[in-house]
Structure formats: structure tokens, C-alpha cells
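Colleague: Task: produce atomic coordinates for the following.
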Amino acid sequence: MKNLIGLIVFILLITGNLQAQKVVSADGGTATVNDYEISWTVGEIITGTVNDGTTVLTQGFQQSNLTITAIDELRKTGVEIKVYPNPTQDFVTIHFSKTMEKSKYSLFDLSGRLLEQKQIKSTDARIDMTGFAKGAYILKLNFRGSQPLQSFKIIKR
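Modeller: Residues are numbered from 1 along each chain as shown. The predicted structure follows:
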């Protein structure tokens, strides 16, 4: 009998720890301006407050939707790559912290079809996404011709 009770308690403890965190609040909402989004809830526990003299930001447990855009690890150290804004409606900018010799980008749809491929001749490149349908795309960056550098998932709204 003790073994059965112990097993039941063990199962309850394990299943209780597998549940995701939830916020039960009285109210809340989301607002979007340009490419920035803010969401809030009313009635959740405060975990921290920051004040710069003109603006007060109070934080709690609410977690926003996380969009992961880098698909793989950066394969060359000593360079920082930024791809923004993502998601986008019209243009995507690729920024390298330093000039990369013979670098290029390739833009693919999710079926693997090559849509665009161009050389990057400076630290910044701009991709015009206005002609593409809403959806997800894969952006692959290469340097010195064909050596892989990093890949990103681009969302077109």
C-alpha cells in the first residue's frame, strides 16, 4: 500500500512540473506601431521596475511571442551580422560589422527555390521584399564565394 501511495505522489509531482507557466489576469492587450509591438496584462505579479526619469517600465511574468530568425550558428568569428527588421513588410537590411570579402546572399522560399542571389559589396545590403508574397523565406549568407556564413528565417507580412 505504501508503494502505491508513493507511486501516485511521484506521478503527481512529475506531471505537475511538466505544465507550462500561465498568467491569469483580469485584462490585457496588444498594440503595434510600425515594427514595434507591446503587450500587457492587468493583475499579474510585478518582478521588476526600471525608471529613467521620464518613463517607467514595470515588468512581470508575461512572455511575448519569440521569433527565432538565425537558423544556424555563425561560422566565422570576429564578425557580427544583423538582419533587420524581421518580420518585414518591404525591405530587409543585412549589416556586417566589417567588410566581408566576396560575400553574397541567397534568398529561398520554403520549398527551396532560389528567388534572388546577389553580391554584397559593402557592410550593408538591402533586399527588396515588396515583390514577394507574405510568408517565410530563408536567407543564406556566404563569403568567399561559397563558404557558408549563416542562415536566417525572414518573415514577410
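Colleague: residue ranges of the helices in this protein, please?
Modeller: The residue ranges that make up the helices of the chain, judged by DSSP state H, are 2-17.
Colleague: in it, which helix or strand is least confident?
Modeller: Least confident helix or strand, the chain: helix 2-17 with a mean of 66, by mean pLDDT, DSSP states H and E.
Colleague: Tell me who's in contact with Gln147.
Modeller: Applying C-beta atoms under 8 Å, 6 or more residues apart in numbering to Gln147 gives the contacts Arg75. For every residue, glycine as well, the C-beta is placed using N, CA and C.
Colleague: So what sits opposite it in the bridge?
Modeller: Residues found in beta-bridge contact with Gln147 (criterion: DSSP bridges) are Phe143.
Colleague: hey, where'd the strands end up in the protein?
Modeller: In the chain, strands defined by DSSP state E lie at 27-33, 36-42, 48-51, 56-59, 81-84, 91-96, 103-109, 114-120, 124-128, 135-143, 147-156, listed in chain order.
Colleague: got the ones you listed as JSON lines, with mean pLDDT and distance to Ala70 columns?
Modeller: Shown next, in JSON lines, are these (pLDDT from 0 to 100; distance: least, C-beta to C-beta, whole Å):
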{"stretch": "strand 27-33", "mean pLDDT": "75", "distance to Ala70": "23"}
{"stretch": "strand 36-42", "mean pLDDT": "71", "distance to Ala70": "20"}
{"stretch": "strand 48-51", "mean pLDDT": "74", "distance to Ala70": "27"}
{"stretch": "strand 56-59", "mean pLDDT": "70", "distance to Ala70": "25"}
{"stretch": "strand 81-84", "mean pLDDT": "90", "distance to Ala70": "8"}
{"stretch": "strand 91-96", "mean pLDDT": "93", "distance to Ala70": "12"}
{"stretch": "strand 103-109", "mean pLDDT": "94", "distance to Ala70": "14"}
{"stretch": "strand 114-120", "mean pLDDT": "94", "distance to Ala70": "17"}
{"stretch": "strand 124-128", "mean pLDDT": "93", "distance to Ala70": "16"}
{"stretch": "strand 135-143", "mean pLDDT": "92", "distance to Ala70": "10"}
{"stretch": "strand 147-156", "mean pLDDT": "90", "distance to Ala70": "6"}
